[in-house]
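Trainee: below are the sequence and a predicted model for it; my questions follow.
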Amino acid sequence: MPDLRPPVVATAVRCPAHLPATSAATTAPPRGSSADGVFPARPTDHGVIAVLQIGFIGTGGIAQRHIRNLQQLGRARVVAFCDIAADKAEQAARAHGATAYTDFTRMLEAERLDAVFLCTPPFVRAEPILAVAARGLALFCEKPPAFDAAQGRRALAAIGAAGVTSNVGFMYRWLQIVAKAKELMAGRKLAALRSAFLCGPAVEMNLPAWFYLKDRSGGPLMDQAIHVLDLHRYLAGEVATVHALANNQIRPKTEAFTIEDTYTLNLAYDSGVIASHTHSWACAPALAQIELISAAARLTIDLFANRLTGTVDGVEITYAPRDDCYLTEVDNFLTAVERHDPGRLRSPYADALNTCAVTWAGLRSVETGRVEVPERL
């Protein structure tokens, strides 16, 4: 999938390559005994787990990014990898001194884990989540948290019943430029949001084949626009209605290309804010920006350049930190698991499902031609 990470160098602009972060922490509640198939956590004198034991389900591009971040942080050990492609699981296991599996249920039964990173393609979600929750393990789930509402309800019920810590990989919430924008807009009435995310997977055809199949990836909306729509919610609150249009002006549909390559969404919020978002995989010159519009303030969040610019009360704003939101997100997830503090996380599973609901409403609107109401879960 296109890489959504803002580059470390603030002036660089990159097209997303795909999927796979900055600081919060949660921990799952103390687990039971090995007699009931759930192994206990390993507390230290300070009440936190000594070295977190991590398992991965899925070993693709986003998994590799998370693994690098875990290595950089030095606070956890990856002990198990599961992938339906045995060679990929074995390669990852050899590289990290871990154990390889092709069946996640066997991995969960055999390993003494504290948390699982779920990094599978989006059409593989519900069953691994149910299994992880049943073991009482903390869950870091890549987006989308569910491929449809039925899956989402099942997973949410399992996570809630087990009381486990959960986080969904909406890493942009951890960007310092997003935090600064929220700070500068605090107390102001927001009139509108305007955003665009452009890149070239439909031009370059450089992603695995399933990305171009709507029933496997959900297309640009489910795969990528979901990140921007999540920031819309984070900045402006809940979405009340969605109307979407889409086309294939650049890449016509075929049996191997069943997605629309370009979308425009109009959104209305409970707060009265209105917004538009354009998302295209048919424009190789890359762009990813969100503009916040208010009476005496206008700010632009540039996700690729990792830069905030604009004007607030006549003062010119330029803010370009050098943070890595993927790293921050993982760091905070580990802290949450260590300290049993899920409240520090910014994208728990339940909240992330409501971002999915906006995306699903957009997909329905393309099919029906009508204004659709997100079904909040």
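Mentor: Alright, I've got the coordinates.
Trainee: please count neighbours and contacts with C-alpha atoms only from this point.
Mentor: Will do.
Trainee: break this protein down into its domains, please.
Mentor: The chain breaks down by automatic domain parsing into domains covering 34-171+329-348, 173-323+354-368.
Trainee: mean pLDDT lowest where, among these?
Mentor: Confidence, taken as mean pLDDT, is least for domain 34-171+329-348 of the domains of the chain (a mean of 91).
Trainee: hang on, the earlier thing: and the domains of the chain: which comes nearest E375?
Mentor: domain 173-323+354-368 (5.6 Å; Cα to Cα).
Trainee: kindly provide the distance from the residue nearest to S276 when sequence neighbours are not counted to L245.
Mentor: Excluding the flanking residues, the one nearest S276 by Cα to Cα, 6 or more residues apart in numbering is N266, at 4.5 Å. Distance of N266 to L245, computed by Cα to Cα, to the nearest Å: 9 Å.
Trainee: how about C356?
Mentor: Counting by Cα to Cα, the gap from C356 to L245 is 18 Å.
Trainee: just want to know which of those two has more residues nearby.
Mentor: Neighbour totals were compared for C356 and L245, and C356 leads with 29 against 18 (other Cα atoms under 10 Å).
Trainee: buried ones in the helix or strand hosting the more buried one, by neighbour count?
Mentor: Using DSSP states H and E, C356 maps to helix 349-368. For helix 349-368, the neighbour count (16 or more other Cα atoms under 10 Å) marks 349-366 as buried.
Trainee: before we move on, the earlier item: show me what contacts the residue nearest to S276?
Mentor: Contact analysis of N266 by Cα atoms under 8 Å, 6 or more residues apart in numbering lists V242, H243, A244, I274, A275, S276, H277.
Trainee: which residue ranges of this structure form helices?
Mentor: 61-73, 86-96, 104-110, 126-134, 149-162, 176-185, 201-204, 214-217, 219-220, 226-236, 325-339, 349-368 (DSSP state H).
Trainee: quick one, which of the ones you listed gets closest to A288.
Mentor: Of these, nearest to A288 by Cα to Cα is helix 226-236, at 8.7 Å.
Trainee: output the contacts of N266 as a markdown table; include the columns distance to A110.
Mentor: Below are the contacts of N266 laid out as a markdown table (distance: Cα to Cα, whole Å):
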| residue | distance to A110 |
| --- | --- |
| V242 | 45 |
| H243 | 47 |
| A244 | 46 |
| I274 | 50 |
| A275 | 48 |
| S276 | 48 |
| H277 | 45 |
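Trainee: weed out the non-buried ones from these.
Mentor: Using 16+ other Cα under 10 Å, the buried ones in the contacts of N266 are V242, H243, A244, I274, A275, S276, H277.
Trainee: so how far is stretch 138-155 from its chain's centroid?
Mentor: 11 Å (Cα atoms, centre = their mean, to the nearest Å).
Trainee: contacts for it next, please.
Mentor: Contacting residues not belonging to stretch 138-155 are listed as 27-28, 114-120, 122-123, 125-126, 129-130, 132-133, 164-170, 222-223, 226, 333, 337, 349, 352-353, 356-357, 360, 377 [Cα under 8 Å, 6+ apart].
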